[in-house]
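Q: structure of the sequence below:
(chains A and B)
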Amino acid sequence: MQSPIRNRKYATEITPDNDGETVCIAGWVHEKRDLGGVFFLIVRDLSGFAQVTLNRKKTEKDLFARVKKVPRESVVAIEGKVKSESKAPNGYEIIPERMEVLSEASQVLPLDTTEKVGAELDTRLDARFMDLRIERTKQIFIIRSRVLKAIREFLDERGFIEINTPKIVSAATEGGTALFPISYFEREAFLNQSPQLYKQMLMASGFDRVYEIAPIFRAEEHDTTKHLNEATSVDIEVAFVSDKEVMAILEELIAFVYAKVRGYPGLAKLNLNLEVPKIPFRRITYEEAIEAVSEAGEEIEWGEDLGTSAERTLGAMIGELYFITDWPCAIKPFYAQPADAEAKSKDRDTCNAFDLMHPRVELASGSQRVHSYELLKRNIESKGLSADSFEFYLDTFRFGMPPHAGWGLGIDRLLMSMLEIENIREVVLFPRDRRRLAP
RNA sequence: GCCCGGGUGGUGUAGCGGCCUAUCAUUGAGCCCUGUCGAGGCUCGGACUCGGGUUCAAAUCCCGACCUGGGCGCCA
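A: Below you'll find the predicted structure:
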C-alpha cells in the first residue's frame, strides 16, 4: 500500500455493522495464535484490540507467510475487509488483504505485554516504553491526564490565572528540605523545591487567584514508596482570603477530581471501586491528633511533628480524607500566619496552617500567609535564615500586599492514593529517585 | 542516612553444602493442528550479579562491592 496508514481506524471504532467494508488498522502485534489452518493476529492500538484472521486455504500465500513470521510487538498497518463474526472478540474480525511492517521488533522482549508473566516494578521502569503498552499502566497515565485536566477546569472556572514560575532559583530556601545545586551559574543556584515564594509574590500583583502545575525538586535521600526527587505539584495562592477559604477550595477540588475520574470508563481496568469523598472533610486539630495517637500508645509531645507511624495510626482511626489544622508555629514554615491571640488554646503558639491527609499519605499542606513585612522578616530570622537572601521576596511585602492563603498538593500522591497504588513510581512516567536517572 | 530482606535463562520463579549435567511457567526457534480469545500437543535453545574466602565439595556458608525490595528518619 502506498500510504500504509491511510484512513486509519481504531480497533474499537470498527463494529460488526461495518461488515464488508475495507478498513485500515495500525498498531502493535500483541499476540499470534497459530492453529494450523487458521491463524489469528491480535493487533493492539490505543483504543484496544482487533483480531485479524487468516485462512491458510483462502489467504494469499505470501501474505499468510509474512503475517505468520512478523515478531510480536512489531508495528504493522493492515488493510482488509471487516467481517461480522460472533466467534471473534469484538464481534468482528478483519480479513487482511495487505500488511505493511512499519517497524519490526527485536526478540526477545524485555516485558510480557500480554501479562501472562508479571514483572517487577524495577524491570517495568527499565522498559517503561513497553510497560506503557500494558493496559493497566496505560490507563494510569490516561487517568493522570484527566486529573490534570480536571484540576485546570476546576480552577479556571473559579477565576484562577495559571502561572509559570522559575525552577532555577538563588540560594533562598524555605528551610526543611534540601535543594539540588546547579553548577552552571557563576554563583549559587538551585532547582526550586516549590513555587511558594513566587506565587506569594504574585499576590502583590493584583492577580488575586493563581495556580501552577509544575515539577518540584527535593534533594532528600529518602528511599520510600511515596517520595521522589522530582514530583509534580499543583500550587494555588488566593488573595483576600484566609486558610478556611482555601481549604474549602481544596476539598471541593478533590471531590471534583474524584467525580471526573469515576466517570472514566478506563477506570474499570484498574479493578477499583472509586467513591467520591463527601465534603466537607473531617477537620481535627494538631492537638486532637497527637492526643489520639498518644492514646493509641504512641507518645507524642506537643511541638513534635507527626511521623510515619503516627500518620498511619491516625489514618486507620479516621479512614477517610481529613484535615489536620492549628499546627504549632515551630514545625511550620515562616510564612504561616500565627493564630490570633483569642483563637489560641492554652497559650500555645499555633498557626493557621493545615495538612490534607489521606489515610495512607499526606496529600497537601497550606496555610494563611503572613502578609506583614515586619512579622515575616522576624519569622525568617527566628528560623535561623538570613533576611538578606530573601530580599527579593520580602520586598514585595513592603508596597501593598493583601492578606492571602494557599496550598500545595502533590499530584503524584493524589493519584496513588486515589487509585490505591502502593508505589508512587507507578504513577510517574519516568520517576526520579536516588537511584534512577534513566530512562 | 540508619535498620531488615533479596539478587538463579528475556520475564516471573523453585532449589539454600554433595541427590544440580539447576525446577516450573512464560518467552524464543521449529514441527503438528481450521475458531483461537491465558488455545493445545511435541522437539530444541537459553540462567546461578561480580570479586575474594571457607570446604574434599559452593547457586547454597562467610566477607566486600554493585544492584534491588521493604521499614524508619526527613519530607509533599
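Q: can you name the element that comes right after the helix or strand hosting A:R378?
A: Element membership of A:R378 [criterion: DSSP states H and E] is helix A:373-382. Next helix or strand after helix A:373-382 toward the C-terminus (DSSP H and E): helix A:391-394.
Q: show me what counts as buried in that following helix.
A: Buried positions in helix A:391-394, judged by neighbour count with 16 or more other CB atoms under 10 Å: A:393-394. Every C-beta, even on glycine, is put in place using the N, C-alpha and C of the backbone.
Q: please see if the next helix or strand after that helix touches RNA strand B.
A: The helix or strand immediately downstream of helix A:391-394 is strand A:404-410, counting by DSSP H and E. Yes. Using CB under 7 Å from any atom of the strand, we find that strand A:404-410 touches RNA strand B at A:408, A:410.
Q: quick one: list the elements packing against the helix holding A:R378.
A: Using 3 or more CB pairs under 8 Å, 6 or more residues apart in numbering; DSSP states H and E, the elements in contact with helix A:373-382 are helix A:391-394.
Q: average pLDDT for the helix it packs on?
A: Mean pLDDT, helix A:391-394: 92.
Q: list the helices and strands that helix packs on?
A: helix A:196-201, helix A:373-382.
Q: how near is A:T137 to A:E120?
A: From A:T137 across to A:E120, the span is 14 Å (CB to CB, to the nearest Å).
Q: could you do A:I279 as well?
A: Distance, A:I279 to A:E120, using CB to CB: 38 Å.
Q: next: A:I331.
A: 37 Å.
Q: can you check A:E362 too?
A: Distance from A:E362 to A:E120, by CB to CB: 27 Å.
Q: cool, A:R133 as well?
A: Counting by CB to CB, the gap from A:R133 to A:E120 is 17 Å.
Q: neighbour-wise, which of these two wins?
A: A:R133 (17 against 8; other CB atoms under 10 Å).
Q: can you pull the pLDDT of that one?
A: According to the per-residue confidence, A:R133 scores 95 in pLDDT.
Q: can you pull the contacts of it?
A: Counting by CB atoms under 8 Å, 6 or more residues apart in numbering, A:R133 makes contact with A:28, A:44, A:73, A:113.
Q: so the third one: helix, strand or coil?
A: Translated: A:E73. coil (DSSP: H, G, I helix; E, B strand; the rest coil).
Q: any idea how many residues pack against the closest residue to it other than its chain neighbours?
A: Once flanking residues are discounted, A:E73 sits nearest to A:A105: 4.0 Å by CB to CB, 6 or more residues apart in numbering. By other CB under 10 Å, 16 other residues sit near A:A105.
Q: surely A:A105 meets A:S74?
A: Yes. Under the criterion of CB atoms under 8 Å, A:A105 makes contact with A:S74 at 4.4 Å.
Q: tell me the spacing between A:M401 and RNA strand B.
A: When distance is defined by CB to the nearest atom of the strand, to the nearest Å, A:M401 is 22 Å away from RNA strand B.
Q: hmm, that residue is touching A:M203, no?
A: Yes. If you go by CB under 8 Å, A:M401 and A:M203 touch, sitting 6.3 Å apart.
Q: more neighbours: those two, which one.
A: A:M203 (25 against 19).
Q: tell me the SS of that one?
A: What three-state DSSP gives for A:M203 is helix.
Q: name the nearest residue to it, sequence neighbours excluded.
A: A:M203 sits nearest to A:H404 (CB to CB, 6+ apart), 4.4 Å away.
Q: before we move on, what about A:R136?
A: A:K269 is the one closest to A:R136 (CB to CB, 6+ apart), at 5.6 Å.
Q: how many other residues sit next to that neighbour?
A: 16.
Q: can you tell me the SS state at it?
A: Quick answer, by three-state DSSP: A:K269 is helix.
Q: how near is it to RNA strand B?
A: With distances taken as CB to the nearest atom of the strand, A:K269 is found 14 Å from RNA strand B.
Q: ok, that residue - contacts?
A: For A:K269, counting by CB under 8 Å, 6+ apart, the contacting residues are A:135-136, A:139.
Q: lovely, talk soon.
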